[in-house]
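Undergrad: Here is a sequence together with a model predicted from it:
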Amino acid sequence: MGRVTDPSEMLITTGSQEGMDLLCSVLLNDGDTIIVEGPTYPGALHAMRNRGARFLTAPCDKDGLIVENLPAIIEQGRKDGHKIKFIYSIVNFQNPSGATLSTERRKKLLEIAEQYDLIIFEDDPYGHLSYTGEHKPTIFSMDKNGRVVYACSFSKILAPGTRVAWIVGDATLMRKIAMVKQGTNLCTSVVAQALVYEYCRLGHLDGFLPKIVAHYAKKSAAMDEAFKKHLPANTIYHTPEGGFFYWLQIPGIDSNALFMKAVEKGVAFVTGPAFYPDATGKDFMRTCFTFAQPNEIEEGAKRLAAAIKEL
């Protein structure tokens, strides 16, 4: 996270999704607004909608959230009656775009949050999965005024089934979140916490993490090569430097229609509209390389290309 935290600033959660839900429970009234990235993680949208949220969408590029657009979005949103409570950003190797928020934009995002008195929810499940070895400072580490809530998880770096994650933020806010958690599941499984703790204490995670990063990096490179070899020349994407995903745009192709064609050929992806609160992004799609083997990735790219050709 980039700075020392006090135990009063941290809460262990059952997956980072619970941290998001708890934050919404504390901060949101029905009809309040969250600024999200376009695109963003569908699970976040679902959790936020469950708490009555409305959305304003801020566009992204290969360097993450375009923070220069935020003042205009905030000001227009407030004129339109939106009560904006926080900004949600997946800062590293974003799901779905694979983008990483640049250091300059992280600083600017914090400045804008200060200017407009907003909280930032910094979601970072993929930050340890850098294929270049470079790690940018967290926004949380830059925060001096308790404005950032940071979330991370063992799900992507150890095993999804552990369901052990954590959120860190202002101690007063964490106390309120802990009180809400006591009314839902009392506490995250102590058995799961003990297993994760012992695994880390014995140094196993330190030895395992470089291996899993190298493993995923090879698959990412295989997907990049397969896409360049087989997909149409007008396919737009950037090669992620970490994480799990490629975010493809094929201008003029409806990803919902393409999905049906692709499934007939035995390959699947997630369609673009799932990643936008207003179901836009019809010519986008997300692919994931973590499960398939390199030869399967190439075969999948061939089948996807065939489906595109038929459309």
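TA: That came in fine, so what should we check first?
Undergrad: List the residues that contact Pro71.
TA: Ile112, Gln115, Tyr116 (Cβ atoms under 8 Å, 6 or more residues apart in numbering). Using the backbone N, CA and C atoms, a C-beta is placed for each residue, glycine as well.
Undergrad: Please convert the buried members of those residues into PyMOL selection syntax.
TA: To isolate the buried ones among these in PyMOL, judged by 16 or more other Cβ atoms under 10 Å, type:
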select buried, resi 112
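Undergrad: Kindly reformat the contacts of Pro71 as JSON lines and extend each row with pLDDT.
TA: Output for the contacts of Pro71, formatted as JSON lines (pLDDT from 0 to 100):
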{"residue": "Ile112", "pLDDT": "98"}
{"residue": "Gln115", "pLDDT": "98"}
{"residue": "Tyr116", "pLDDT": "98"}
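Undergrad: what's the closest of the contacts of Pro71 to Leu65?
TA: Of all those, Ile112 has the smallest distance to Leu65: 10.4 Å, by Cβ to Cβ.
Undergrad: In terms of helices and strands, where is the closest one?
TA: In the assignment (DSSP states H and E), Ile112 maps to helix 103-116.
Undergrad: ok but Val149 is inside a helix, no?
TA: No - per DSSP: H, G, I helix; E, B strand; the rest coil, Val149 lies outside any helix segment and is strand.
Undergrad: count of neighbours near it?
TA: 30 (other Cβ atoms under 10 Å).
Undergrad: for Gln94, same thing?
TA: 26.
Undergrad: any idea how far it lies from Val36?
TA: 11 Å (Cβ to Cβ, to the nearest Å).
Undergrad: So Pro59 belongs to a strand, correct?
TA: Yes - assessed with three-state DSSP, Pro59 lies in a strand.
Undergrad: Bridge partners for the spatially closest residue to Gln94 that is not a sequence neighbour, pull those for me.
TA: Nearest non-adjacent residue to Gln94, counting by Cβ to Cβ, 6 or more residues apart in numbering: Gly64, 6.5 Å away. Using DSSP bridges, the bridge partners assigned to Gly64 are Asp61.
Undergrad: so what pLDDT did Gly64 get?
TA: As predicted, Gly64 sits at a pLDDT of 93.
Undergrad: Helices of the stretch 51-200 of the chain, residue ranges please.
TA: Under the criterion DSSP state H, counting those that start in this stretch, helices of the stretch 51-200 of the chain are mapped to 70-79, 103-116, 139-142, 171-182, 190-201.
Undergrad: just those helices: most buried one?
TA: Of all the helices of the stretch 51-200 of the chain, helix 139-142 has the most neighbours on average by mean count of other Cβ atoms under 10 Å, namely a mean of 21.
Undergrad: Among the contacts of Pro71, which one sits closest to Ile236?
TA: Nearest to Ile236, judged by Cβ to Cβ, of these is Ile112 at 27.9 Å.
Undergrad: Leu28 reaches Asn50, doesn't it?
TA: No - if you go by Cβ atoms under 8 Å, Leu28 and Asn50 don't touch, sitting 10.1 Å apart.
Undergrad: Between those two, tell me which one has more neighbours.
TA: A count of neighbours by other Cβ under 10 Å puts Leu28 above the other of Leu28 and Asn50, at 19 against 11.
Undergrad: from what I can see Glu9 touches Asp170, true?
TA: Yes - using Cβ under 8 Å, Glu9 makes contact with Asp170 at a distance of 7.0 Å.
Undergrad: And the strands in the stretch 151-300 of the chain?
TA: Using DSSP state E, counting those that start in this stretch, the strands of the stretch 151-300 of the chain run over residues 165-168, 245-249, 270-271, 284-288.
Undergrad: how about the ones you listed in JSON lines, adding mean pLDDT and distance to Cys60?
TA: Output for the strands of the stretch 151-300 of the chain, formatted as JSON lines (pLDDT from 0 to 100; distance: least, Cβ to Cβ, whole Å):
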{"stretch": "strand 165-168", "mean pLDDT": "96", "distance to Cys60": "23"}
{"stretch": "strand 245-249", "mean pLDDT": "98", "distance to Cys60": "9"}
{"stretch": "strand 270-271", "mean pLDDT": "98", "distance to Cys60": "17"}
{"stretch": "strand 284-288", "mean pLDDT": "98", "distance to Cys60": "11"}
